[in-house]
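J.: take a look and give me a structure for this.
(one chain, ligands or ions: 2)
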Amino acid sequence: MVKICCIGAGYVGGPTMAVIAVKCPEIEVAVVDISVPRIAAWNSDQLPIYEPGLDDVVKQCRGKNLFFSTDVEKHVMEADIVFVSVNTPTKTQGLGAGKAADLTYWESAARMIADVSKSDKIVVEKSTVPVKTAEAIEKILTHNSKGINFQILSNPEFLAEGTAIKDLFNPDRVLIGGRETPEGTKAVQALRDVYAHWVPADQIICSNLWSAELSKLAANAFLAQRISSVNAISALCEATGANVSEVSYSVGKDSRIGPKFLNASVGFGGSCFQKDILNLVYICECNGLPEVANYWKQVIKINDYQKSRFVNRVVSSMFNTVSGKKIAILGFAFKKDTGDTRETPAIDVCKGLLGDKAQLSIYDPQVNEDQIQRDLSMKKFDWDHPLHLQPMSPTSVKQVSCVWDAYEAAKDAHGVCILTEWDEFKYLDYQRIYDNMKKPAFVFDGRNIVDADKLRQIGFIVYSIGKPLDAWLKDMPAVV
Ligand SMILES: NC(=O)c1ccc[n+]([C@@H]2O[C@H](COP(=O)([O-])OP(=O)(O)OC[C@H]3O[C@@H](n4cnc5c(N)ncnc54)[C@H](O)[C@@H]3O)[C@@H](O)[C@H]2O)c1
Ligand SMILES: O=c1ccn([C@@H]2O[C@H](COP(=O)(O)OP(=O)(O)O[C@H]3O[C@H](CO)[C@@H](O)[C@H](O)[C@H]3O)[C@@H](O)[C@H]2O)c(=O)[nH]1
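T.: Ligands and ions are numbered 1, 2, ... in the order given. Here you go, the predicted structure:
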């Protein structure tokens, strides 16, 4: 029986391995992690991450051919294929701080694999890593190998949160990079055989190691670039009276461009886009390509601009101050259908409003108060380290309260900011919300999900990203 072990039971390791286990009943899959509470949660009825469809998949195979364990060394030792899906955060100190990927966790996993291995293994990079990482990992493994043969493969993951199970069951492509040697080719084939249980052969792409590593960074950069492009256009729409939804619809109808990933928003978030572009920028700089680095840097600059532009809209609309005013924040997760808040634009928007002394009442159907308080007091990039290495009891931000109901959040508020596109926010009783708010009552829609005309009929002053402005907003500067 083939044995797989995955180091790192996070958003990628957990769902990916659960899908491999359910599709390959004859393979034994162990997912291991240094975090005791995380593994306990994977073994309980309350899984550590919220992902539609995940519960079902885990229930089908947990205890049969899918196991979650903290006994990292035992399962690595027994495995034929070891996936490594640990954190690769942005470095906060030292060389490349603020840009380069921190490979501490990857390196410690690689050293442990070398220490405990007694038989040949295929080691698979599942984490997103800088191009050429496999070379470094190969060196660590071979210099400590005691004669054991390790083959390194790059098999980056392209799932998006909120649709992880759907993406894993039906991926656009699976990418496997390996050494172009007989041993490398054999290892690629072994991993191909695993995915071939459910992925059509023509969707499993094989390439050299460096192409596979770079393709992951490039794919994320291209996706984020589309969002920054449409967000840049959204600012021009507001200045000219054009409507960004009409513009992106017309642009996306060109089959060379396509309609996806053209929704203007308060900014992209999530654990990957910013981190991976910063990583790409750093690699370009290290390779003497400052023009290329600057091109990609601009994607992040526009994203930051979009978030601060939104805050400025809120503050300038309310007579240039939100000091002491209650503002309801609807949605804190970085997108709908996830409880993940890593790099969510809500953090920067809330911090911006708190900087102007607002009182925030926050509601998200999947994010609890503890997480929100941690996010608002944590330093940039600290979130991407294993849980037990993050600051444990941050001082809570006093101007913030968290509630479990959108109506409660908006009661007596001056304004409502919609920061995540949860479906339930489309169907709220906005008349009831309006009746219980201070007047003038504002809605700032950072996701373009409400019917602005209907809300205006109720009496709201509405700001929708990239849409023609209310007369009220026209006189208020959006950019400081
Ligand atoms: N989240 C996504 O949607 C996504 C998608 C594609 C790729 N990725 C990439 O996958 C990697 C993992 O991301 P994630 O979102 O699953 O992170 P995560 O923080 O959810 O999970 C990583 C896990 O690794 C564990 N870990 C760290 N070092 C370890 C070690 N030495 N031994 C055992 N366990 C260890 C941590 O405790 C943590 O539980 C990152 O490189 C990320 O860029 C993420
Ligand atoms: O038109 C759009 C599409 C997305 N977003 C925002 O962009 C962010 C990222 O969304 P999405 O890409 O759907 O989620 P992620 O889980 O971050 O997935 C991305 O990052 C993963 C980690 O690398 C990759 O595996 C995925 O392919 C890639 O889509 C979110 O804040 C979205 O709200 C927009 O603002 N407008």
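J.: okay, CA-based contacts and neighbour counts for the rest of this
T.: Fine.
J.: packing partners for whichever strand or helix holds residue 300?
T.: Per DSSP states H and E, residue 300 falls inside helix 290-317. If you count contacts as 3 or more Cα pairs under 8 Å, 6 or more residues apart in numbering; DSSP states H and E, helix 290-317 packs onto helix 209-240, helix 273-286, helix 345-355, helix 471-474.
J.: list the contacts of the most far-flung residue of the chain relative to its centre.
T.: Distance from the centre of the chain peaks at residue 147, with 39.0 Å (Cα atoms, centre = their mean). If you count contacts by Cα atoms under 8 Å, 6 or more residues apart in numbering, residue 147 has none.
J.: distance of it from ligand 2?
T.: Relative to ligand 2, residue 147 is positioned 35 Å away (Cα to the nearest ligand atom, to the nearest Å).
J.: and that residue, what are its phi and psi?
T.: For residue 147, the backbone dihedrals (degrees, to the nearest 10) come out as phi 80, psi 0.
J.: near ligand 2, which residues of the chain show up?
T.: Residues of the chain lying close to ligand 2 by Cα under 6 Å from any ligand atom are 157-161, 220, 227, 261-265, 267-270, 272-273, 334-335.
J.: and what about the residue most central in space within the chain, helix, strand or coil?
T.: The residue lying closest to the centre of the chain (Cα atoms, centre = their mean) is residue 270, at 2.7 Å. Of the three states, residue 270 takes coil under DSSP: H, G, I helix; E, B strand; the rest coil.
J.: what sits against it?
T.: Taking Cα under 8 Å, 6+ apart as the test, what residue 270 contacts is 334-335, 340-344.
J.: next: residue 60.
T.: residue 22.
J.: ok, it to ligand 1 distance?
T.: 21 Å.
J.: now do residue 345
T.: Residue 345 is 16 Å from ligand 1, by Cα to the nearest ligand atom.
J.: surely that residue meets residue 306?
T.: No - the pair residue 345 / residue 306 is not scored as a contact, 9.5 Å apart, by Cα atoms under 8 Å.
J.: joint contacts of these two?
T.: Contact criterion Cα under 8 Å, 6+ apart; residues shared by residue 345 and residue 306: 266-267.
J.: ok so, going back, can I get the helices and strands packed on helix 290-317 in a markdown table including mean pLDDT?
T.: Putting the helices and strands packed on helix 290-317 into a markdown table (pLDDT from 0 to 100) gives the following:
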| stretch | mean pLDDT |
| --- | --- |
| helix 209-240 | 97 |
| helix 273-286 | 96 |
| helix 345-355 | 97 |
| helix 471-474 | 82 |
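J.: need the winner for burial among those.
T.: Among the helices and strands packed on helix 290-317, judged by mean count of other Cα atoms under 10 Å, the one packed with the most neighbours on average is helix 273-286 (a mean of 22).
J.: ligand 1 contacts on the chain?
T.: 7-13, 33-35, 85-88, 105, 108-109, 127-128, 157-161, 271-272, 386.
J.: out of the helices and strands packed on helix 290-317, which gets nearest to residue 295?
T.: Residue 295 lies closest, by Cα to Cα, to one member of the helices and strands packed on helix 290-317: helix 273-286, at 8.7 Å.
J.: just the CA coordinates of the closest one, formatted as CSV?
T.: Provided in CSV are the C-alpha atoms of helix 273-286 (Å, rounded to 0.1, in the frame of the first residue of the first chain):
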residue,chain,number,x,y,z
PHE,A,273,-1.8,37.3,-3.4
GLN,A,274,0.2,39.9,-1.6
LYS,A,275,2.7,37.5,-0.1
ASP,A,276,3.4,35.8,-3.5
ILE,A,277,3.7,39.1,-5.4
LEU,A,278,6.2,40.4,-2.8
ASN,A,279,8.1,37.2,-3.2
LEU,A,280,8.1,37.6,-7.0
VAL,A,281,9.2,41.2,-6.7
TYR,A,282,12.1,40.1,-4.5
ILE,A,283,13.2,37.4,-6.9
CYS,A,284,13.2,39.9,-9.8
GLU,A,285,15.3,42.3,-7.7
CYS,A,286,17.7,39.6,-6.8
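J.: show me what that helix is in contact with.
T.: Here helix 273-286 makes contact (Cα under 8 Å, 6+ apart) with 89-90, 96, 98-101, 128, 130-131, 217-218, 220-221, 224, 290, 292-294, 296-297, 300.
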